[in-house]
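> With the input below, show me the fold.
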Amino acid sequence: MAAQRVSILLVYTGGTIGMVENPETGALEPFDFNYLQDNVPELRLLGCDISSVEFSPPLDSSAITTEHWVQLARVIEEHYEDYDGFVILHGTDTMAYTASAMSFVFEGLSKPIVFTGSQLPVGKLRTDGKENLITAIEIAAARDEAGRPRVPEVTLFFENYLMRGNRSSKVSADQFSAFESYNYPHLAYAGIEIRYHDAVIAKAPQGRTLAVHPHFDPNVAVLKLFPGITRGVVESILSLPTLRGVVLETFGSGNAPMLPWFLDALRSTVARGVVIVNVTQCVTGYVDMMRYETGILLQKIGVVSGRDATTEAVLTKLMYLLGQGFSSEEVGQLMAIPLRGEMSLDQEMEGFSRETSIYRR
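All right, here's what the predicted structure looks like:
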């Protein structure tokens, strides 16, 4: 008896992969999704049933808002029972943010949701779009020996590498290798064949049904520290009346100025119920607030450690948790623990730093 064909839903939100060059201005403009299908005839050879829906109008990813995340989540939720996997075509500029946000929305996920896009439009001769799209579909359709989805989590595929969505960051504006997952191993490498790193791929939850929580509170901010930052700059951000969460990008392993006015500003902000999460500006490594006196002081004030999570993951996690109606105390507690594999446990941090070298370029 022949195996049932896998069904995949493509969701085209917009982005370079679905753009065409205006012959008069030279600017890239979105086009009808049918054009994409016409330019990738190889889709018919993948051995799976592919359907598509598209945002109308398609979105430049720099224009993405939390409302669009809700829209995307609803599309996937509406079609979840009808398809075996999902491929989301998205602009690269904010893809890591959207992938992180979707990872939190879907609790109990047991099907692949793979984000991809391109640096060149799919109609260009040298496009990276075709390979990214075809491989993303293959990954979304992949099954293990028992017929279960090979990668049942929210991921991001770009230029040969599959990454956990909430561990990825865009690292290049003009190279095909545009994304990286610095603090977590790649989930797969696509060369002549696709090699899966099964040990680090999330397992589908057993006996749980999907729960979708598409609610976000956008009243958050990122405060990036730099030498010479003034009191006025810090206080202008932290004193925003609607502010509910802050991603504090600190130096090294979580260090910040020891200036009394700075510590007082953080202390008063935490006291009024704003959750502040400490992440490092470094692309690799993690926040260790017990290593230096600065970190210890921040911890005493009530600043939460973001450990080895990305700014994108921490920001969207804050939006997600605040959007669920949790109290500030509850949000602070949940920010300190991994919900969807967005941060590592202590024993994992050292292990991953050694282990990932074989999955690097």
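> what sits against L315?
Y97, S100, V220, V222, V247 (Cβ atoms under 8 Å, 6 or more residues apart in numbering). All C-beta spots, glycine's among them, are computed from the backbone N, C-alpha and C.
> Now the host helix or strand of it: buried residues?
According to DSSP states H and E, L315 maps onto helix 311-323. Residues 311-323 are the ones in helix 311-323 that count as buried (16 or more other Cβ atoms under 10 Å).
> Pick the one among the residues you listed closest to F158.
Distance to F158, by Cβ to Cβ, is smallest for E312 among these, at 14.5 Å.
> gap between the two ends of stretch 187-205?
End-to-end distance for stretch 187-205: 18 Å, by Cα to Cα, to the nearest Å.
> what's it in contact with?
Residues from elsewhere that reach stretch 187-205 (Cβ under 8 Å, 6+ apart): 108-110, 135, 138-139, 142, 148-153, 155, 157, 160-164, 184-186, 340-341, 359.
> count of neighbours near the closest residue to Y80 other than its chain neighbours?
Setting aside the residues directly before and after it, Y80 is nearest to L210 in space (Cβ to Cβ, 6 or more residues apart in numbering), at 6.2 Å. By the criterion of other Cβ atoms under 10 Å, L210 has 15 neighbours.
> re the thing from before, who wins for neighbours among the contacts of L315?
Per-residue neighbour counts (other Cβ under 10 Å) across the contacts of L315 peak at S100, which has 31 neighbours.
> is it true that that residue touches L318?
No: counting by Cβ atoms under 8 Å, S100 does not reach L318; the two are 10.8 Å apart.
> that older thread, which one of the buried residues of helix 311-323 sits closest to Q119?
For these, the nearest to Q119 is E312 (18.7 Å; Cβ to Cβ).
> Now do the same contact list for the closest one.
For E312, the contacting residues are A96, Y97, S100, N166, S168, S169, by Cβ under 8 Å, 6+ apart.
> what about the most centrally placed residue in the chain, distance to E249?
In the chain, the residue lying closest to the centroid (Cα atoms, centre = their mean) is S100, at 2.8 Å. Distance of S100 to E249, given as Cβ to Cβ, to the nearest Å: 16 Å.
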